[in-house]
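S.K.: Give me a 3D structure for the following:
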Amino acid sequence: MKASIKMPSPAMLVALVALFVSLGGSAYAVTKIGTNQIKNDAVTTPKINNGAITSAKLKSGAVQGDRLSVIQVEGETVQISPRQSEIVDATCPRGRQAVGYTWDSTIGVSYYSSILDEDRVLLYALAPSSGEVPYEATATAICV
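M.R.: Next up, the predicted model:
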């Protein structure tokens, strides 16, 4: 029995041509569009997906300035009586954003929740039920 090879339909031929043209256009764009072809301020933060730019993808020295430096800002130390709770906070300097936090406390203070509020960190601290002296708690904001 002889196998016969069918010719693709006209629709399939058109689809294949369209596929190869689109792939060729993307390849052409990759080789022809560079830094000189992109206008200043054309690529803005809303146009970049989260996680799209990583340090591995950046050339050494590509990003400069103190905006990307990480600093820690210690908030005020609060006194917490046994069996009481307090909100401790730390605020980043103007123009910086809180991206994390740490805390420092006397032994026994628990931290039950945290809120990162743009330039500020709020931590809910609870003192243990035992002891006679006030406990201390301090929040530290990690800012970029």
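
S.K.: where in the chain is pLDDT low?
M.R.: 1-3, 25-35, 41-42, 45-47, 49-68, 105-106 (pLDDT under 70).

S.K.: let's see 80
M.R.: 1-5, 20-70, 103-108, 111-113, 130-132 (pLDDT under 80).

S.K.: all strands for it, in order.
M.R.: 71-80, 85-91, 98-105, 110-117, 120-126, 135-143 (DSSP state E).

S.K.: Now do the buried residues in the last one.
M.R.: Using 16 or more other C-beta atoms under 10 Å as the burial criterion, the residues of strand 135-143 that qualify are 135-143. Where you see a C-beta, it was placed from the backbone N, CA and C, and this is true even at glycine.

S.K.: what's the spacing between Ser130 and Ile107?
M.R.: According to C-beta to C-beta, to the nearest Å, Ser130 and Ile107 sit 11 Å apart.

S.K.: Check Gln97 too.
M.R.: From Gln97 to Ile107 the distance is 32 Å (C-beta to C-beta).

S.K.: cool, and Pro134?
M.R.: 13 Å.

S.K.: more neighbours, these two?
M.R.: Pro134 (13 against 7; other C-beta atoms under 10 Å).

S.K.: who's in contact with the more buried one?
M.R.: Contact analysis of Pro134 by C-beta atoms under 8 Å, 6 or more residues apart in numbering lists 79-82, 127.

S.K.: Quick check: the two most widely separated of those?
M.R.: Gln79 and Pro82 (11.1 Å; C-beta to C-beta).

S.K.: Alright, that wraps it up for me.
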